[in-house]
Each structure stands twice: as C-alpha cells, then as structure tokens.
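> Structure of the sequence below:
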Amino acid sequence: MKKGWIYSENEIHRNWFEKLKRGDKKIEGRDWYFLIYEKKMNLIMSILKELRDKKILDAGCGEGVLVEEFRSIGYDIEGLDPNYESDFVRNGDITSTDYPNNHFDVVLLLDVLEHIPYNMQYKALEEIKRILKPDGMFIISFPNVANLSSRIKFALIGELSRTDKDYNHLGERTYKEIKRILESYRFSIQKIYSITPTIPVVWQLITLFPDRMRKIHDLINLIKIPDISLITIFICKNIK
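Reported below is the predicted structural model:
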C-alpha cells in the first residue's frame, strides 16, 4: 500500500472506524473529534444503506475504510486518494481523473475539500460534476470555519478557531460560502445536516472532557443550525 506523509502506520481513521463498528464509545484523553466522527459516519452509513444498487466513488477516501466495509457486503464502491493505492483505492487526485463522463451514481467527498487550495477546489467540483451522472447524488461534508465559537474568538481576539492546522486545511470556508459555491455549480441541495453547534463554554468543556461530556454533546446536537455548527453535510443532486 502506498502511503503519503500525512498518514502513519496506525492511521487514526481506521482505528476510529473499528471502534465505531464495535460500539466502543469510550474516549481516552482529549480525543474529542471522535464524537464528531462518530455522528458523521453513522449518518453517512445510514444514507449508503439506501444506495446498494448504485455505483459509488469515495473521493479523498484515505485508506478507504468506508470503501472496504461496503465492498465486503457487495456494494459497487471504489475509492480515490492521492496518498493511497490498493485493490479498492485508486491512487489519484479528484481535481483531474480519467473516469468517463457520467460514470458514477454517487460521489462522496467527506472532509476533503478543505484540504485542497482554494483555486483547485473549483477544479474538484468541475470534475465531480463531469463524472457524476445527471441527477446523481453528491454527498459532501465540510468544516465551517465560521462556527459560533470561531466567530466569538475572532470578535474577541481577531483569530479564528480552526478545526485543524492551516497547512492541513488550506481551503477552509464558511458554511454560507460552500453553500453558495455548490449552488453556483448547479448542485441542487436536497438536504443539509449539521453536527455540533459550538456553544461557548459547553463546546470548550466538550473538547477538554469529551468522554464525560458525551451526553451533553448528544443533547446539543438536537440544535440543527448549520451556520453555527462545526460540520455541515450537504446532500446534493447533480443538475446537468
């Protein structure tokens, strides 16, 4: 398997995915992002369960744990990633692929676009539009750099609260920006899901004590306001 600099031998998403499958909810230390990952992946898997007869691409899939899981139960799904290559993950870049036009019924882009420089994000969306069938489904998750906690931090000290280092998230955007860009590319947004409104004090306590704050995290996720939440998932139809 080909590996890139960003991944280690014990790639964390595989560990998290295996933990998710076991139903292991215990969080050691301050690994707070597992709470968000858990909610996101449970939602994505529930959507995929309704798409058994579809041809699916997981773009920027990393090691391909989601691809591997659904291939094992007979799904027509493959992965694409610039840092990996295996029997089910093609080494390649979503900004330029050799897939035929109108090739996939569904394309996933899960927490990927923010890793792509701004000018290349448009290339990625153009390529997805090209390889996705008319009326095909585009599922994209994206961190909202203007979540509530980030806005307050910026107002107080002039600094954003990011979800990762700026050299990893080269193209982080706000919820409203990504919504506007998707619509400009004629991706008709069918449904929007939000994960974790970053309510001041509560959010900081969650990041400090994620295991003890799990029930509180579940409770605040009843608040469905994408504009103030950490992660947004868009379910889109490809209009051609």
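> what about dumping the CA coordinates of stretch 147-166 to PDB?
Listed in PDB are the C-alpha atoms of stretch 147-166, where the atom choice follows Å, rounded to 0.1, in the frame of the first residue of the first chain:
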ATOM      1  CA  ASN A 147     -18.900  28.200  13.600                       C
ATOM      2  CA  LEU A 148     -20.200  30.000  16.700                       C
ATOM      3  CA  SER A 149     -17.100  29.500  18.800                       C
ATOM      4  CA  SER A 150     -14.900  30.700  16.000                       C
ATOM      5  CA  ARG A 151     -16.900  33.800  15.500                       C
ATOM      6  CA  ILE A 152     -16.700  34.800  19.100                       C
ATOM      7  CA  LYS A 153     -13.000  34.100  19.300                       C
ATOM      8  CA  PHE A 154     -12.500  36.300  16.200                       C
ATOM      9  CA  ALA A 155     -14.600  39.100  17.700                       C
ATOM     10  CA  LEU A 156     -12.600  39.000  20.900                       C
ATOM     11  CA  ILE A 157      -9.000  38.500  19.800                       C
ATOM     12  CA  GLY A 158      -9.100  38.600  16.000                       C
ATOM     13  CA  GLU A 159      -8.200  35.000  15.500                       C
ATOM     14  CA  LEU A 160     -10.300  32.100  14.000                       C
ATOM     15  CA  SER A 161     -10.800  28.800  15.800                       C
ATOM     16  CA  ARG A 162      -9.900  26.300  13.100                       C
ATOM     17  CA  THR A 163     -10.600  22.500  13.000                       C
ATOM     18  CA  ASP A 164      -7.000  21.700  12.000                       C
ATOM     19  CA  LYS A 165      -3.700  23.400  11.300                       C
ATOM     20  CA  ASP A 166      -3.800  25.900   8.500                       C
END
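> Now do it, average pLDDT.
The predicted model gives stretch 147-166 an average pLDDT of 90.
> now do stretch 108-115
Within the predicted structure, the mean pLDDT of stretch 108-115 is 96.
> which is the next helix or strand following the top helix by length along the chain?
In the chain, with assignment by DSSP state H, the single longest helix is helix 33-48. Per DSSP states H and E, the first helix or strand lying C-terminal to helix 33-48 is strand 55-59.
> you'd agree residue 68 is up against residue 84?
No: judged on CB atoms under 8 Å, residue 68 makes no contact with residue 84 at a distance of 11.3 Å. For every residue, glycine as well, the C-beta is placed using N, CA and C.
> tell me which strands and helices the longest helix of the chain is in contact with?
In terms of contacts (3 or more CB pairs under 8 Å, 6 or more residues apart in numbering; DSSP states H and E), helix 33-48 is packed against helix 12-22, helix 65-71, strand 104-110, strand 132-143, strand 187-197, strand 229-238.
> Now do it and strand 187-197, the angle between them.
Orientation check (axes from the mean of the first three to the mean of the last three CA atoms, to 10 degrees): helix 33-48 against strand 187-197 gives 150 degrees.
> Not counting sequence-adjacent ones, nearest residue to residue 153?
With CB to CB, 6 or more residues apart in numbering as the criterion, residue 153 has its nearest non-adjacent residue at 4.7 Å, and that residue is residue 161.
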